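Asker: Have a look at this prediction, sequence included:
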Amino acid sequence: MSQNINIQEIEKSTLKKTMVRILPFILVLYIVAFLDRVNMGYAALEMNAELALSAEMFGLLSGFFYISYCLFEVPSNMILQKVGAKFWIARIMITWGIIVILTGFVQSAVHLYILRFLLGVAEAGFTPGIILYLTYWFRTRERGKATAAFFVALPLAALVGAPLSTWIIDKIAWGGLSGWRWMFILEGLPAVMLGIIVLFYLTNRPAHAKWLTNEEKTWLEGELETERKLAATHNKTSHRGMLKDSNVWKLSVFNIAGFVSVNGLNFWIPTIIKNLSASGTSNMEVGWLAMIPPLVAIPSILFVGWNADRTNKHKQHLAVCVSIAMVGLIGCAFVTTIPLMILMLSIASAGLYGISGSFYAYLTFFFSESTAPAGIALVSTLSSLGGFIGPLVLGVLNLQQGMLVITGFMLVSLLTLITLNQYHRKFTMNVGEEV
């Protein structure tokens, strides 16, 4: 009896330490990453006119990042597994920060194309790398909460980025440089600084954690090793076998639609709001309005991640989120006033960001330890194609057509989800029985 109590105390203290140590820090990293990825949407309020960028050119530029991101994501995750998360995540952040800073000095669309491509090369592997890193520290039963805490950075980045970016654009013009240029420079610096901090703060594996006791290290490594063995009995253990698994490709198709929608909206929300606003509306006012949809998304991500873990019904939660997102997107296609557009964007954001709260935890259940680095990166890579498509769709088509096309992607996503085999449910039940 006393031994069971002791194990429970070790479990409680270990989980508390890992969550407090890891989750807030990676949340900050992703806020900076996502802000640097989408802040061009705010730069467009002034940059497009200064550089003579058409809507079609801006849509292509916004998605251009994902071409190189797709090419280098799988190799990046394989390198992370070999050299360790600490070193590789630091390298990613420092290089992408430098590229964002350089974006503040571009003189033409050609320069933007080059730097957006290089930004994709630099940042490739960050998201799947963090997801892989979380599997080193959290069991399946806590993974939904962990990924939700990570992905809440998406709406938080928009929440912080909207007023910050528009304030810089409107208020700062040091040295004769336009505000949008200073926005890139000032928002690229935190990535470089945090990349240096990563080298000293992150711990690669529980066995290396000086902030855990020996008993806590042993308990956590034991729990994770048990899950790895069980995962190997239910999932493919070779890369060739993984590539033959239809579920891997279905997961990719499902997430492509999410990327189409999230990235399309993130890049175009400021412009959509600006176009519907009364003449004379300032960039700062646009920024404040753009904060509302991500504010609604925060509780959605956290609740979906927590409740999916609690009920072990990740697939059902994803289906509900997709359906909610479709309602919001259809509404965006037909409303013509600012209040209704903000309402529809908020509904769409609640659904889209809620998907993030559960999908990446759900994704990890389909891989063994040997296939997880390449598998997670592969799904993320293919999904990133949606990051290229989304901004382009809303740049080429009018608002109504674009929103309906994006809704069509979400319908395909829902139908694909229905066909997924839930091997992971049996796996997680077995884990619960044996641990």
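Answerer: Looks like it arrived, so ask away.
Asker: Next, the buried residues of the one helix or strand Lys315 maps to.
Answerer: Under the criterion of DSSP states H and E, Lys315 resides in helix 314-334. Neighbour counts over helix 314-334 (16 or more other C-beta atoms under 10 Å) mark 314-315, 317-319, 321-322, 324-333 as buried. Any C-beta I mention is one placed from the backbone N, CA and C, and that applies to glycine too.
Asker: can you check stretch 177-184 too?
Answerer: Residues of stretch 177-184 classed as buried by neighbour count (16+ other C-beta under 10 Å): 179-184.
Asker: mind listing which of those are in strands?
Answerer: Among the buried residues of stretch 177-184, none falls in strands (DSSP state E).
Asker: Adding pLDDT and distance to Leu35, write those out as JSON lines.
Answerer: Supplementary listing: those in JSON lines, determined by pLDDT from 0 to 100; distance: C-beta to C-beta, whole Å:
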{"residue": "Gly179", "pLDDT": "92", "distance to Leu35": "16"}
{"residue": "Trp180", "pLDDT": "94", "distance to Leu35": "14"}
{"residue": "Arg181", "pLDDT": "96", "distance to Leu35": "16"}
{"residue": "Trp182", "pLDDT": "95", "distance to Leu35": "15"}
{"residue": "Met183", "pLDDT": "94", "distance to Leu35": "10"}
{"residue": "Phe184", "pLDDT": "94", "distance to Leu35": "11"}
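Asker: Let me see the contact set for Val74.
Answerer: 374, 377-378, 381 (C-beta atoms under 8 Å, 6 or more residues apart in numbering).
Asker: Who wins on neighbours among these?
Answerer: Among these, Ala377 has the most neighbours (other C-beta atoms under 10 Å), with 26 neighbours.
Asker: picking that back up, now that we have the contacts of Val74, can you turn them into JSON lines and tack on pLDDT, distance to Leu243 and secondary structure?
Answerer: Output for those, formatted as JSON lines (pLDDT from 0 to 100; distance: C-beta to C-beta, whole Å; DSSP: H, G, I helix; E, B strand; the rest coil):
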{"residue": "Ala374", "pLDDT": "81", "distance to Leu243": "9", "secondary structure": "helix"}
{"residue": "Ala377", "pLDDT": "81", "distance to Leu243": "13", "secondary structure": "helix"}
{"residue": "Leu378", "pLDDT": "84", "distance to Leu243": "8", "secondary structure": "helix"}
{"residue": "Thr381", "pLDDT": "80", "distance to Leu243": "13", "secondary structure": "helix"}
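Asker: so which two of those residues are the farthest from each other?
Answerer: Spatial extent of the contacts of Val74 (C-beta to C-beta) is set by the pair Ala374 and Thr381 at 9.8 Å.
Asker: Not counting sequence-adjacent ones, nearest residue to the residue nearest the centre of the chain?
Answerer: Residue closest to the average C-alpha location in the chain (C-alpha atoms, centre = their mean): Phe151, at 5.6 Å. For Phe151, ignoring the flanking residues on the chain, the nearest one in space by C-beta to C-beta, 6 or more residues apart in numbering is Ser356 at 3.8 Å.
Asker: And whichever helix or strand the one you found is part of, what does it pack against?
Answerer: Per DSSP H and E, Ser356 falls inside helix 338-364. Contacts defined by 3 or more C-beta pairs under 8 Å, 6 or more residues apart in numbering; DSSP states H and E place helix 338-364 against helix 126-135, helix 140-151, helix 153-171, helix 246-276, helix 292-311, helix 314-334, helix 372-383.
Asker: Would you convert those into CSV that also reports distance to Leu340?
Answerer: Output for these, formatted as CSV (distance: least, C-beta to C-beta, whole Å):
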stretch, distance to Leu340
helix 126-135, 33
helix 140-151, 27
helix 153-171, 19
helix 246-276, 9
helix 292-311, 12
helix 314-334, 7
helix 372-383, 30
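Asker: out of the ones you listed, which comes closest to Tyr42?
Answerer: Evaluated over the helices and strands packed on helix 338-364, closeness to Tyr42 peaks at helix 153-171, with 3.8 Å, by C-beta to C-beta.
Asker: Quick check: Ala257 vs Tyr362, distance?
Answerer: Here Ala257 is placed at a distance of 15 Å from Tyr362 (C-beta to C-beta, to the nearest Å).
Asker: ugh, wrong one, I meant Tyr133
Answerer: Using C-beta to C-beta, Tyr133 is found at 17 Å from Tyr362.
Asker: Thought Tyr353 was touching Ala297, still the case?
Answerer: Yes: using C-beta atoms under 8 Å, Ala297 is in contact with Tyr353, at 3.7 Å.
Asker: Quick check: neighbours shared by these two?
Answerer: Common neighbours of Ala297 and Tyr353 (C-beta under 8 Å, 6+ apart) are 154-155.
Asker: now the angle from the helix holding Ser356 to helix 314-334?
Answerer: In terms of direction (axes from the mean of the first three to the mean of the last three C-alpha atoms, to 10 degrees), helix 338-364 departs from helix 314-334 by 150 degrees.
Asker: Let me see the residues that make contact with stretch 24-39.
Answerer: Contacts of stretch 24-39 (C-beta under 8 Å, 6+ apart): 65, 89, 93, 96-97, 100, 119, 123, 126-127, 130, 133, 149-154, 156-158, 160-161, 165, 183-184, 187-188, 190-191, 194, 198, 201-202, 263, 266-267.
Asker: for that stretch, which positions count as buried?
Answerer: Buried-residue list, stretch 24-39, by 16+ other C-beta under 10 Å: 26, 29-39.
Asker: Which strands or helices does the strand or helix carrying Gly97 pack on?
Answerer: Per DSSP H and E, Gly97 falls inside helix 85-103. If you count contacts as 3+ C-beta pairs under 8 Å, 6+ apart, helix 85-103 packs onto helix 2-38, helix 55-83, helix 109-123, helix 126-135, helix 179-201.
Asker: now do 10 Å
Answerer: helix 2-38, helix 40-50, helix 55-83, helix 109-123, helix 126-135, helix 179-201 (3 or more C-beta pairs under 10 Å, 6 or more residues apart in numbering; DSSP states H and E).
Asker: How far does the fourth one sit from its chain's centre?
Answerer: If you compare the mean C-alpha spot of helix 109-123 with that of the full chain, they lie 19 Å apart, counting by C-alpha atoms, centre = their mean, to the nearest Å.
Asker: Do me a favour and average the pLDDT over it.
Answerer: Average pLDDT, helix 109-123: 91.
Asker: Could you do the shortest one as well?
Answerer: Here helix 126-135 scores 90 as its mean pLDDT.
Asker: what sits against Asn204?
Answerer: Applying C-beta atoms under 10 Å, 6 or more residues apart in numbering to Asn204 gives the contacts 80, 83-88, 133, 136.
Asker: Spit out the residues that contact Ala374 and Thr381 alike.
Answerer: 74-75, 77, 128.
Asker: give me every residue that touches Met291.
Answerer: 155, 158-163, 342.
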